[in-house]
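> Got a sequence here, can you build the structure:
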Amino acid sequence: MTLSNPILIWAAVGIVLMFAELIIPGGIVILLGVACLIVAAATGLGLVAGLAQSFTLWFISSIILLLAFRSLTQKLIGGDAHVDNTDEELDLFQQPALVKQAIGPGQQQGRVEFQGTEWPALGDGTEIPVGSKVKVICRENIALVVEPLKED
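Below you'll find the predicted structure:
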């Protein structure tokens with residue numbers, strides 16, 4: 001057996017991919033490694049011959065393994081499968097802010113402190129003095145649109 005033996009190459013790539021699962025968790029790479037071992041076994045048994053047949057078998061077995069066992073490996077091995085909030089507008093809505101530079105009258109831009117950072121701010125057309133508490137309605141480009149908080 002020489003180093004250019006396709007059985008050894010497919011088996012070595014399969015083992016490397018399976019160990020790579022320790023570094024790249026998620027259950028995909030290990031299945032690609034198993035597909036390489038399937039190709040190595042098929043080549044050893046004489047079921048496939050040549051590079052084109054080997055890659056075809058690897059591709060087909062990879063797809064079958066991924067479709068059949070992806071959920072199982074995801075449970076056993078783990079990985080990152082959460083989805084973060086992608087709508088930043090909802091995070092801003094109704095949040096309190098403090099006016100640092102007077103806003104208005106009309107469309108005159110001011111500044112508010114929101115979540116520890118100063119932002120340009122637009123009001124509802126009325127004048128909102130420095131020190132007032134406001135709530136964020138939405139964001140327009142980089143400016144926050146605010147309205148005064150009603151004191152109870």
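> Next one: Leu45 from Ala52, what distance?
Leu45 sits 18 Å away from Ala52, going by Cβ to Cβ, to the nearest Å. (Each C-beta comes from the backbone N, C-alpha and C, glycine too.)
> do Pro129 as well
Distance, Pro129 to Ala52, by Cβ to Cβ: 77 Å.
> Then Ser71?
For Ser71, the distance to Ala52 - Cβ to Cβ - is 31 Å.
> Doesn't Leu98 belong to a strand?
Yes: remark: Leu98 belongs to a strand, assigned using DSSP: H, G, I helix; E, B strand; the rest coil.
> ok, and the closest non-adjacent residue to it?
Nearest non-adjacent residue to Leu98, counting by Cβ to Cβ, 6 or more residues apart in numbering: Glu113, 4.7 Å away.
> Could you tell me which residues make contact with the one you found?
By Cβ atoms under 8 Å, 6 or more residues apart in numbering, Glu113 lies in contact with 97-98, 100, 119.
> mind redoing it with 10 Å?
Counting by Cβ atoms under 10 Å, 6 or more residues apart in numbering, Glu113 touches 97-100, 119, 121.
> And this protein, what are its domain boundaries?
Here the domain assignment for the chain is 6-77, 88-148, based on automatic domain parsing.
> Quick check: which element contains the residue nearest to Leu98?
Assigned by DSSP states H and E, Glu113 falls within strand 110-114.
> Next, the buried residues of the next helix or strand after that strand.
For strand 110-114, the succeeding helix or strand toward the C-terminus, using DSSP H and E, is strand 117-122. In terms of neighbour count (16 or more other Cβ atoms under 10 Å), strand 117-122 has its buried residues at 119, 121-122.
> Same question for stretch 15-27.
When burial is assessed from 16+ other Cβ under 10 Å, stretch 15-27 yields the following buried residues: 17-18, 21, 25, 27.
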